[in-house]
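**Q** need coordinates for the below:
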Amino acid sequence: MPPIIVILAIWAAGLGASAQYAKLAVGFDALAEVYTGAGAALGFAVSLLSLLGLVFGLSGGRLVGRIGPKRALVGGLVLGAAMSAIQALLPPLPIFLGARTIEGLSHLVLVVAAPTLIAEIASPHLRPAAMTLWSTFFSVAFAALAWIGPDLIAAHGLAGLLWAHAAYAIGMALILMVMLPKPARMTHPEIAPGPARGPLRQHLDLYRDPYLSAPGWGWIFYTFTFVSILTLLPQLSPDPPGWLPAILPLAAIASSLSLGVALLSRFSAVTVSIAGFALSALATFGILASGGAAWAVIVLFLCLGLVQAAGFAAVPELNAAPEDRAMANGAIAQTGNLGNLTGTPVLLALLSLGGAKPAILALTACYVAGFAAHVIHARRRAHSRQDASASRAT
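**A** Residues are numbered from 1 along each chain as shown. Modelled structure (predicted):
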């Protein structure tokens, strides 16, 4: 089967992973009507999905290597469908939140296994575009659900949207079960568990490595803001037009697949990430100056599209071995889940305490931090290469 067809199928499975967030971001108001009186705790209905990914993100690459990417993808989709079905029953809030937490395991294996497989399947020439395509999975699912979600909720309630997600996940599981060949298992000799290296040491080793961890260090600041902005848009941009929630992810997609791909063909993914964060920080001042005008928020998402395009492309660029790519994708999963877990509650708290201005300034700080993280790790890699060259010379 042509590699591009397999890549598109894996990407389509990624839409189901993104929809695990998007279904409740789009249905947040309907969720509040079901669970009245939940208050700020309702923000965790969106972000609790990240809990298992946050705790076990480092183990994601190892898990995928142990059970195989095909099993990970199919099993993750089946588990996600089961948890979405439980949520569709609209059980008491603690059970609903528990199902969201378990759904995080599904999300974890999907977002680790899928980009690792895509990087393996794509040729070196195709890889930047393929990884950029993968990076759009979040935006595409959000745009699609922002477009069809409100009508689906109006016709069938929040439960209808959740059942639709369960059906999509099962359908993709069946397709991938047939389409994906049995892959070779990967090993992780550099970060393998051992009696002398506990979880804390493993995390320290991973996040001190400027090659394995750099994409993850940038990704946390992207994910902290992306879902939270879409979820809390009416409070950040007063009286936003009805089309804005659907346009914002599309703006990020358009930027990623056009300017992002063009820039990645000429510059490194790290350079594009740095530029994207710098432009995003500047765009937040436009939101402040305009009072949250729709055009200013669109400009921000156009800039975020560059960060999105370069984020996953940096993994194979910085790491040649499949096992290293899996671990780097595990770091992205862990830091991304930390951003998703904290973003909506933190911005909701800032909005409650001080309104839109402190929340928007928090976005600015995130993008400056993302810029700084990539610059620091780029310098560390440069020093590492210089030290290696000096060592060989002697």
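
**Q** which stretches of the stretch 1-150 of the chain have low pLDDT?
**A** 65 (pLDDT under 70).

**Q** pretty sure I153 is touching A30, no?
**A** Yes - look at I153 against A30 with CB atoms under 8 Å: they come within range, at 5.2 Å. Quick note: C-beta positions are derived from backbone N, CA and C, even for glycine.

**Q** of these two, who's got more company?
**A** Neighbours were counted for I153 and for A30 using other CB atoms under 10 Å; I153 has more, 21 against 17.

**Q** in which helix or strand would I find the more buried one?
**A** Secondary structure assignment for I153, by DSSP states H and E: helix 137-179.

**Q** now do the helices in the stretch 51-200 of the chain.
**A** 51-67, 69-88, 93-121, 127-135, 137-179, 199-208 (DSSP state H, counting those that start in this stretch).

**Q** remind me what the longest one packs against, helices and strands.
**A** If I follow you right, that is helix 137-179. helix 3-26, helix 28-34, helix 69-88, helix 214-231, helix 244-255, helix 294-318 (3 or more CB pairs under 8 Å, 6 or more residues apart in numbering; DSSP states H and E).

**Q** go through those and name the closest to H203.
**A** With CB to CB as the measure, helix 214-231 is the member of the helices and strands packed on helix 137-179 nearest H203 (11.3 Å).

**Q** quick check: angle from that closest one to helix 127-135?
**A** Between helix 214-231 and helix 127-135, the angle formed by their directions is 40 degrees, by axes from the mean of the first three to the mean of the last three CA atoms, to 10 degrees.

**Q** buried ones in helix 214-231?
**A** Within helix 214-231, the residues that count as buried by 16 or more other CB atoms under 10 Å are 214-231.

**Q** could you dump the helices and strands packed on helix 137-179 to CSV with distance to H107?
**A** Shown next, in CSV, are the helices and strands packed on helix 137-179 (distance: least, CB to CB, whole Å):
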stretch, distance to H107
helix 3-26, 5
helix 28-34, 18
helix 69-88, 7
helix 214-231, 12
helix 244-255, 18
helix 294-318, 15
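
**Q** could I get stretch 61-69 in PDB with only the CA atoms?
**A** Extracted C-alpha coordinates of stretch 61-69, given in PDB (Å, rounded to 0.1, in the frame of the first residue of the first chain):
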ATOM      1  CA  GLY A  61       7.700   5.200  24.100                       C
ATOM      2  CA  ARG A  62       8.600   2.100  26.100                       C
ATOM      3  CA  LEU A  63       5.000   0.900  26.100                       C
ATOM      4  CA  VAL A  64       4.700   1.300  22.400                       C
ATOM      5  CA  GLY A  65       8.000  -0.500  21.900                       C
ATOM      6  CA  ARG A  66       6.800  -3.400  24.100                       C
ATOM      7  CA  ILE A  67       3.400  -4.000  22.600                       C
ATOM      8  CA  GLY A  68       4.100  -2.700  19.000                       C
ATOM      9  CA  PRO A  69       2.800   0.500  17.400                       C
END
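
**Q** buried sites along it?
**A** Along stretch 61-69, these residues count as buried under the neighbour rule (16+ other CB under 10 Å): 61-65, 68-69.

**Q** over to stretch 243-255?
**A** By neighbour count with 16+ other CB under 10 Å, stretch 243-255 contains the buried residues 244-255.

**Q** which two from the residues you listed end up farthest apart in space?
**A** Counting by CB to CB, the most remote pair of these is P245 and S255, 17.1 Å apart.

**Q** hang on, the earlier thing: between the helices and strands packed on helix 137-179, which one is nearest to A130?
**A** Closest among the helices and strands packed on helix 137-179, using CB to CB: helix 3-26, at 5.4 Å.

**Q** list the buried ones in that closest one?
**A** Within helix 3-26, judged by 16+ other CB under 10 Å, the buried ones are 6-7, 9-26.

**Q** in contact with I86, which residues?
**A** Neighbour list for I86: 95-96, 99 [criterion: CB atoms under 8 Å, 6 or more residues apart in numbering].
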